[in-house]
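In: Model the following, please.
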Amino acid sequence: MGVLTVFFLALLWDLLLGEPPAKLHPVVWFGKMAGFLDKRWKRKSPLRDFLAGTLVALIVVIFALALSLLPSYLPFPLNYALAVYLLKSSFAIRSLYEHVARTVTRKVEEKRKAVSMIVSRDTRALDEAHLNSASIESLAENLNDSVIAPLFYFLLFGLPGALIYRAVNTLDAMLGYRNERHEYFGKFSARLDDILNFIPARLTVLLYLPFGGRKVLRYYRLARFKLNSDKPIAAMSAVLGVWLEKPGIYRFPGRTPENDDIGRALRVYWFIVAEWVIIISLLFATEVFPCLSP
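Out: I've put the predicted structure just below:
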């Protein structure tokens with residue numbers, strides 16, 4: 001058995017069983033640690049808040065690293081079983097599909113509720129077209145965050161890479177807000193997430209090329225609103241030919257997104273996931289990247 005076997009078993013777990021129970025999910029642990037420490041710190045000054053937030057991020061990252069190293073201290077087959085479990089916890093292919101698939105409905109209020117579960121924006125005032133857009137945007141962005149990026153870092157650095165990426169991504173989701181409470185406390189987490197997502201976000205765009213060709217590159221050049229998150233969204237907009245918009249922040253051109261376009265986006269999603277799985281498998285099989293063995 002080797003790293004490729006661990007990868008395939010984790011993939012099989014994800015596709016057949018989905019997510020582990022929340023109480024046993026490492027990503028949930030990362031979030032609870034960040035939330036607990038966030039609540040305990042009373043805001044004082046920009047510098048102190050920044051330093052405290054940096055310390056919180058380092059604590060969670062060190063915890064993720066410690067978890068990732070546990071399999072190396074266990075005998076066979078427990079080491080492989082834990083490695084499979086931890087790797088599976090770092091990505092979410094089936095779960096992402098299921099959450100977005102719930103938004104494929106012509107009942108607007110039902111759609112509104114489903115979309116509110118996968119985006120941070122207030123969906124109460126969104127019309128049907130913007131609800132469709134928000135669903136597709138979430139799918140495109142999380143394709144990078146929940147699939148491409150964690151497996152990219154697994155490819156490069158093994159289990160520590162995958163879990164540390166997921167910890168940083170969770171920290172950004174919990175603390176990386178530009179509001180009074182988190183402007184300085186979450187700044188380190190947000191910037192670290194930006195750094196780790198820089199290459200994966202652009203790699204995700206490349207994976208869209210077989211489905212949109214030069215149009216994907218043209219839309220990529222339009223994505224100047226954010227450092228990373230708008231790049232996969234621009235690529236999905238290009239492939240589907242629909243406008244995707246977060247009002248006041250970005251808008252990519254195209255026709256009005258309809259309910260059926262969410263289903264089309266999900267089909268594109270599966271093609272890109274398959275493409276990425278094949279690439280990873282070939283790279284592991286040919287040992288192009290020296291990866292830490294579980």
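
In: Give me the buried positions along the helix or strand hosting H130.
Out: If you go by DSSP states H and E, H130 is part of helix 128-143. Neighbour counts over helix 128-143 (16 or more other CB atoms under 10 Å) mark 129-143 as buried. Glycine gets a C-beta too; all of them are placed from N, C-alpha and C.

In: now that helix: mean pLDDT?
Out: When pLDDT is averaged over helix 128-143, the result is 96.

In: The stretch 151-294 of the chain: strands as residue ranges?
Out: Shown for the stretch 151-294 of the chain, the strands assigned by DSSP state E, counting those that start in this stretch span residues 244-246, 250-252.

In: out of those strands, deepest packed?
Out: Mean neighbour count, computed with mean count of other CB atoms under 10 Å, is highest for strand 244-246 among the strands of the stretch 151-294 of the chain, reaching a mean of 22.

In: Quick one: list the elements packing against it.
Out: Counting contacts by 3 or more CB pairs under 8 Å, 6 or more residues apart in numbering; DSSP states H and E, strand 244-246 packs against helix 128-143, helix 230-240, strand 250-252.

In: could the ones you listed be laid out in a markdown table, adding distance to W41?
Out: Shown next, in a markdown table, are these (distance: least, CB to CB, whole Å):
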| stretch | distance to W41 |
| --- | --- |
| helix 128-143 | 28 |
| helix 230-240 | 31 |
| strand 250-252 | 32 |
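
In: quick one: contacts for the residue most central in space within the chain?
Out: Centroid-nearest residue in the chain: D145, 1.7 Å away (criterion: CA atoms, centre = their mean). D145 makes contact with 169, 197, according to CB atoms under 8 Å, 6 or more residues apart in numbering.

In: and with 10 Å instead?
Out: 91-92, 96, 165-166, 169-170, 172-173, 193, 197, 200-201, 204, 228-229, 232 (CB atoms under 10 Å, 6 or more residues apart in numbering).

In: What of Y177?
Out: Taking CB under 10 Å, 6+ apart as the contact definition, Y177 lies against 120, 183, 185-186, 189-190.

In: Need the contact partners of stretch 209-221.
Out: 202, 205-208, 230-241, 244, 252-254, 267-268, 271-272, 275.

In: Just the buried residues of those residues.
Out: Among these, those buried by neighbour count (16+ other CB under 10 Å) are 205, 207-208, 230-240, 244, 252, 254, 268, 272, 275.

In: surely T170 meets V28?
Out: Yes - with contacts counted by CB atoms under 10 Å, T170 reaches V28, the gap being 8.8 Å.

In: what about the stretch 1-150 of the chain, any weak spots by pLDDT?
Out: Low-confidence segments of the stretch 1-150 of the chain (pLDDT under 70): 1.

In: Swap in 90 and give it another go.
Out: When residues are selected by pLDDT under 90, those of the stretch 1-150 of the chain lie in 1-4, 43-44, 120-122, 125.

In: any idea where the strands of it begin and end?
Out: When secondary structure is read from DSSP E, counting those that start in this stretch, the stretch 1-150 of the chain shows no strands.

In: S133 contacts N259, correct?
Out: No - judged on CB under 10 Å, S133 makes no contact with N259 at a distance of 11.5 Å.

In: Of all the residues in stretch 25-36, which ones are buried?
Out: Judged by neighbour count using 16+ other CB under 10 Å, the buried positions of stretch 25-36 are 25-31, 33-34.
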